[in-house]
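J.: no letters, just coordinates:
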């Protein structure tokens, strides 16, 4: 039931129909242009999205690498700190030991002299006096 309806507006109606037809064509062109711009925007957005995803994946890979290096530095750093701590403890112990020896030397020498004197006195006394 496809019927064509023809409307006649009287004198000058052809001019009106031609203008109307031209306006429809212009509108159609405008819509086509708008559609193309939208499609181009979508394509550009997709390309930008893909680029952003690529950059994000690269950044994640770099982050994983840096995290692994940081863990390695941390482990090595803790080991180094432990070694330095042990060295410091040993050095301090040795220093304290030397200080203690140095501090005791006069006392030891003094006592040694007393012992030598008392030994000499002991040996010089007759057996009966002991």
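T.: The structure has been received and is ready for your questions. Note that this is a predicted model, so its numbers are computed, not measured. Residues are numbered from 1 along each chain as shown.

J.: those helices in this protein, which residues are they?
T.: 13-124 (DSSP state H).

J.: how about low-confidence regions in it?
T.: Within the chain, the stretches with pLDDT under 70 are 1-22, 112, 115-130.

J.: change it to 90
T.: Low-confidence segments of the chain (pLDDT under 90): 1-31, 71-83, 85, 95-130.

J.: contact partners for residue 88?
T.: Shown in contact with residue 88 (Cβ atoms under 8 Å, 6 or more residues apart in numbering): no residues. (Each C-beta comes from the backbone N, C-alpha and C, glycine too.)

J.: so it versus residue 103, what's the distance?
T.: Separation of residue 88 from residue 103 (Cβ to Cβ, to the nearest Å): 22 Å.

J.: try residue 94
T.: As judged by Cβ to Cβ, residue 94 and residue 103 stand 15 Å apart.

J.: go on, residue 97?
T.: 11 Å.

J.: cool, and residue 86?
T.: Note on residue 86: its distance to residue 103, by Cβ to Cβ, is 25 Å.

J.: do the same with residue 62
T.: To residue 103, residue 62 is 59 Å away according to Cβ to Cβ.

J.: neighbours of residue 106, just the number please.
T.: A total of 9 residues lie near residue 106 under the criterion other Cβ atoms under 10 Å.

J.: and residue 37, how many neighbours does it have?
T.: Residues near residue 37, counting by other Cβ under 10 Å, number 10.

J.: tell me the contacts of it?
T.: Applying Cβ under 8 Å, 6+ apart, we find residue 37 in contact with no residue.

J.: where's it relative to residue 44, distance?
T.: Residue 37 sits 10 Å away from residue 44 when distances are taken as Cβ to Cβ.

J.: ditto for residue 104
T.: 87 Å.

J.: then residue 87?
T.: When Cβ to Cβ is applied, the distance between residue 87 and residue 44 equals 62 Å.

J.: likewise residue 64?
T.: With distances defined as Cβ to Cβ, the gap from residue 64 to residue 44 amounts to 31 Å.

J.: can you check residue 66 too?
T.: Plainly put, residue 66 is 32 Å away from residue 44 if you go by Cβ to Cβ.
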